[in-house]
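Colleague: return a 3D structure for these sequence lines:
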Amino acid sequence: MTPAVTPAGSPFGLPPGIEAGLFDLDGVLTKTAELHAAAWKEMLDAFLQARAAKLGGDFVPFDPVADYAKYVDGKPRYDGVRSFLESRGIVLPEGLPTDSPRLKTIAGLANLKNELVLELLRRNGVEPFAGSVRYVQALLAAGLHCGVVSSSANCRDVLVAAGIADLFEVRIDALVAQEQHLKGKPAPDTYLAASDALGIPPARAAVFEDALAGVSAAKAGGFGFVVGVDRAGQADALREHGADVVVQDLGDLLDLQ
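Modeller: Okay, here's the model as predicted:
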């Protein structure tokens, strides 16, 4: 792995003048990205297999690494379903948010994916990354502000289950995005909303992301520093999408001090 390169003499691996940290949830703060990838695979493979059997085509399964990173990671569920299906040339009705998970609509498939995630969370629990917790605590101790920006509708429940909800002043998740009519990542809207809620200009806030869509969102929002967290061997792609530095764990930034 290429060593992290951070501004000389900067605290916490951040440039001078940074007053807030905005953190993605799944894969950055909590070990839930793998659960999401597993849920996506179970839902989409079942759909693709049934479709291939009905139409007589080949069944090409969902790749929980390549397809997950390229089409669904970091995006709102509906956008992720739509993006992946478009990559396969599949068009489905949009449906409604109230669609049954049994319906073959964008909304129905997204709702099924959410059901599968909730079941996996109930079964496996939620564990935070120790290095991320140490890092957030260090920022807070130094007087910086911290917020969570997630595409998940289950963000609050995951934070509570992981025991880290009290570390963050602001939470912008899928529910807030819906209420405020914010576009999901890779649009910068949710990160800009978090910056605004904290009263910190984007140029004075750092974003911490493991998803390519999230890094793109931070770069598009004009944030002062973007940290890519490489949990899936995509360091180069994170840099290409706009990460100023890439680390394997946020604890690495503390070790650089």
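Colleague: phi, psi for the residue nearest the centre of the chain please.
Modeller: Geometric centre of the chain, nearest residue: G74, 3.5 Å, by C-alpha atoms, centre = their mean. Per-residue torsions, G74: phi 80, psi -10 (degrees, to the nearest 10).
Colleague: what of the one 4 residues further on?
Modeller: Backbone geometry at Y78, expressed as degrees, to the nearest 10, gives phi -60, psi -40.
Colleague: which non-adjacent residue is nearest it?
Modeller: Sequence neighbours aside, A110 is the residue nearest to Y78 in space, at 5.0 Å (criterion: C-beta to C-beta, 6 or more residues apart in numbering). Backbone N, C-alpha and C define where each C-beta goes, glycine included.
Colleague: that neighbour sits in which helix or strand?
Modeller: According to DSSP states H and E, A110 maps onto helix 106-124.
Colleague: check which element follows the helix or strand where K219 lies along the chain.
Modeller: Assessed by DSSP H and E, K219 sits inside helix 212-220. With elements assigned by DSSP H and E, the helix or strand that comes after helix 212-220 is strand 225-229.
Colleague: so where's the protein uncertain?
Modeller: 1-10, 255-257 (pLDDT under 70).
Colleague: longest helix anywhere in it?
Modeller: In terms of residue count, the longest helix belonging to the chain (DSSP state H) is helix 33-55.
Colleague: can you list contacts of the next helix or strand after that one?
Modeller: Later in the chain than helix 33-55, the nearest helix or strand by DSSP H and E is helix 66-67. The contact list for helix 66-67 (C-beta atoms under 8 Å, 6 or more residues apart in numbering) reads 40, 84, 87.
Colleague: from those residues, which is closest to T105?
Modeller: The shortest gap between T105 and any of those belongs to F84, at 14.3 Å (C-beta to C-beta).
Colleague: that closest one against D73, yeah?
Modeller: No: using C-beta atoms under 8 Å, F84 makes no contact with D73, being 10.7 Å away.
Colleague: give me the phi and psi for V65.
Modeller: Taking degrees, to the nearest 10, you get phi -110, psi -70 for the backbone angles of V65.
Colleague: what's the burial count for the closest residue to D58 other than its chain neighbours?
Modeller: Distances taken as C-beta to C-beta, 6+ apart place A52 nearest to D58, at 6.2 Å, with adjacent residues excluded. For A52, the tally of surrounding residues (other C-beta atoms under 10 Å) stands at 13.
Colleague: just to revisit the earlier point, who's more crowded, F84 and D73?
Modeller: Under the neighbour definition other C-beta under 10 Å, F84 and D73 were set side by side, and D73 has more, 27 against 21.
Colleague: related to what we said a few turns ago, I'd like to know how far the residue nearest to D58 sits from P61.
Modeller: Counting by C-beta to C-beta, to the nearest Å, the separation of A52 from P61 is 10 Å.
Colleague: same question for G184.
Modeller: G184 is 25 Å from P61, by C-beta to C-beta.
Colleague: so for the two, which sits in the more crowded spot?
Modeller: Taking other C-beta under 10 Å, G184 and P61 do not tie; G184 has more neighbours (20 against 11).
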